[in-house]
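A.B. asks: for reference, the sequence and a predicted model appear below.
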Amino acid sequence: MSRIKLSHGGGGEDSWKLIREIFLKYFSNPHLNRLEDSAVLDVGSKIAFTTDAFTVKPIHFKGGNIGKLAIAGTVNDLAVMGAKPVYISASFIIEEGFLLDELELIVKSMKEEADKTGVLVVAGDTKVVPKGSADGIFISTSGIGQVLFEGLSASNVKPGDVLIITGSIGDHGACILAEREGFEIGVESDCNSLWNLVEAILSTGAEVHAMRDPTRGGLSAVLHEWAQASKVSFIVEEEKIPVKEPVLGLCELLGLEPYHLASEGKIILAVKEEDANKVLEVLKEKNLEGFSVIGRTVSSEKKPEVLLKTPYGTYRYLEPPAGELLPRIC
């Protein structure tokens, strides 16, 4: 009899299979079937609605903690759908014996991160479970946003679109892995709320077809999801993908692809080629480091695919993430 594996939560092929074979089998509807970061709903005016859960280990890490991550992750799922985050609910499952001072630090971090965007935590719930029934604290959130910019969708990527990344990839995944294994690599998580950046980009009038924050499964997962949803292929120039040297070194040491590691404060955009400079100008004005045009979209004559152009001018397939690369990163 088949059982749930850690890889079912990893954002790769096993996750996609679970979603399609179990959840969509029973919950299928036009909103859910789009498999976006948020569902855009019309309730008189258009809103975006998202839900997420956070189980990161360690609970505190360089650059943040589970509370900051919960707010930033929810804000970003709304933001990449062109929605201004307005309201969040938060549910806490706390293990008996968890320190009250530690809980207060986490909640304080949530408040500080929410204030960056102006989003309000307006509902919540707390459950305490016996010692040994949970690993410290888990947080579940839901978020509602007002859709200010329409047309963003994983199924809206067009041939000829330029791919832009707003900074170095894999920082969060590398940070969590290093702290868990006791390595010192000098890299912090990039955990950060992105609505203010998204609003600045979209306010230029640039024709952006899709946006995503590459969390579980990393850059590779996003591009493969877009390729399947839009029936296009991607050619990505490996030399132009920004990866910090310590992250690259850690990946080489452990035999990992940096393109599979999670980021929690970066965006990948598919932009009409003529409008790419509008986006790049905003990134310059924001003094962001490492942003880059990394590739482009091409028509897919057969099966959609993601190709990496190597520094040697050859091409290789960028495989989608498979198995559980690193459990409990968010």
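C.D. replies: Structure received.
A.B. asks: how many other residues sit next to Pro321?
C.D. replies: 25 (other C-beta atoms under 10 Å). In short, each C-beta sits where N, CA and C put it, glycine included.
A.B. asks: what sits against it?
C.D. replies: With contact taken as C-beta atoms under 8 Å, 6 or more residues apart in numbering, Pro321 is in contact with 10-13, 217-218, 220-221, 260.
A.B. asks: cool, Leu219 as well?
C.D. replies: Counting by C-beta under 8 Å, 6+ apart, Leu219 has contacts 165, 169, 241, 259-260, 263, 268.
A.B. asks: quick one: which of those residues has the most company?
C.D. replies: Ile169 (30 neighbours).
A.B. asks: tell me the SS of that residue?
C.D. replies: With DSSP: H, G, I helix; E, B strand; the rest coil as the basis, Ile169 sits in coil.
A.B. asks: going forward can the numbers begin at 28, since that is how I track them
C.D. replies: Will do, 28 is the new start, and the previous item becomes Ile196.
A.B. asks: from Lys267, how far out is it?
C.D. replies: According to C-beta to C-beta, to the nearest Å, Ile196 stands 11 Å off from Lys267.
A.B. asks: ditto for Gly350
C.D. replies: Gly350 is 27 Å from Lys267, where distance means C-beta to C-beta.
A.B. asks: isn't Lys32 right up against Asp41?
C.D. replies: Yes: here Lys32 reaches Asp41: they are 6.6 Å apart, a contact under C-beta atoms under 8 Å.
A.B. asks: which residues do the two both contact?
C.D. replies: With C-beta under 8 Å, 6+ apart, Lys32 and Asp41 have common neighbours Glu351.
A.B. asks: these two: which has the busier surroundings?
C.D. replies: Asp41 (19 against 13).
A.B. asks: looking at it, the more buried one is touching Ala248, isn't it?
C.D. replies: No: contact between Asp41 and Ala248 fails when scored by C-beta under 8 Å: they sit 11.7 Å apart.
A.B. asks: please enumerate the strands of the stretch 178-327 of the chain.
C.D. replies: 189-192, 235-239, 259-264, 295-298, 319-326 (DSSP state E, counting those that start in this stretch).
A.B. asks: so for Ser180, which of those strands sits nearest?
C.D. replies: strand 235-239 (6.2 Å; C-beta to C-beta).
A.B. asks: packing partners of the closest one?
C.D. replies: helix 222-229, helix 245-257, strand 295-298 (3 or more C-beta pairs under 8 Å, 6 or more residues apart in numbering; DSSP states H and E).
A.B. asks: could I get these as TSV with distance to Ala205?
C.D. replies: Converted to TSV, the helices and strands packed on strand 235-239 look like this (distance: least, C-beta to C-beta, whole Å):
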stretch	distance to Ala205
helix 222-229	26
helix 245-257	16
strand 295-298	23
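A.B. asks: pick the most buried one from these.
C.D. replies: strand 295-298 (a mean of 26; mean count of other C-beta atoms under 10 Å).
A.B. asks: sheet partners, orientation included, of that strand?
C.D. replies: strand 189-192 (antiparallel), strand 235-239 (antiparallel) (DSSP bridges).
A.B. asks: which one of the ones you listed is the most hemmed in?
C.D. replies: For these, the highest mean count by mean count of other C-beta under 10 Å goes to strand 235-239, at a mean of 25.
A.B. asks: and that one, average pLDDT?
C.D. replies: Averaged over strand 235-239, pLDDT sits at 98.
A.B. asks: got the angle between that strand and helix 245-257?
C.D. replies: 130 degrees (axes from the mean of the first three to the mean of the last three C-alpha atoms, to 10 degrees).
A.B. asks: how far does strand 235-239 sit from its chain's centre?
C.D. replies: Relative to the centre of its chain, strand 235-239 is centred 13 Å away, using C-alpha atoms, centre = their mean, to the nearest Å.
A.B. asks: residues contacting it, please?
C.D. replies: For strand 235-239, contacts defined as C-beta under 8 Å, 6+ apart pick out 64, 106-109, 178-181, 183-185, 188, 225, 228-229, 249, 252-253, 257, 294-299, 302, 306.
A.B. asks: residues near Lys305, how many?
C.D. replies: Burial of Lys305 is recorded as 17 neighbouring residues (other C-beta under 10 Å).
A.B. asks: would JSON lines of the contacts of Leu246 with distance to Pro85 and pLDDT be doable?
C.D. replies: JSON lines is the format used below for the contacts of Leu246 (distance: C-beta to C-beta, whole Å; pLDDT from 0 to 100):
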{"residue": "Ile192", "distance to Pro85": "27", "pLDDT": "98"}
{"residue": "Ile196", "distance to Pro85": "21", "pLDDT": "97"}
{"residue": "Ile268", "distance to Pro85": "27", "pLDDT": "98"}
{"residue": "Tyr286", "distance to Pro85": "24", "pLDDT": "96"}
{"residue": "His287", "distance to Pro85": "21", "pLDDT": "95"}
{"residue": "Ser290", "distance to Pro85": "18", "pLDDT": "97"}
{"residue": "Ile295", "distance to Pro85": "27", "pLDDT": "98"}
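A.B. asks: quick check, nearest of those to Val320?
C.D. replies: Distances from Val320 to these, taken by C-beta to C-beta, are shortest for Ile192, at 8.4 Å.
A.B. asks: nearest spatial neighbour of Lys318, chain-adjacent residues omitted?
C.D. replies: Just so we're on the same page, residue 318 is Phe rather than Lys. Leaving out its chain neighbours, the residue that sits closest to Phe318 by C-beta to C-beta, 6 or more residues apart in numbering is Leu310, at 4.3 Å.
A.B. asks: since that was my last question, I'll sign off now.
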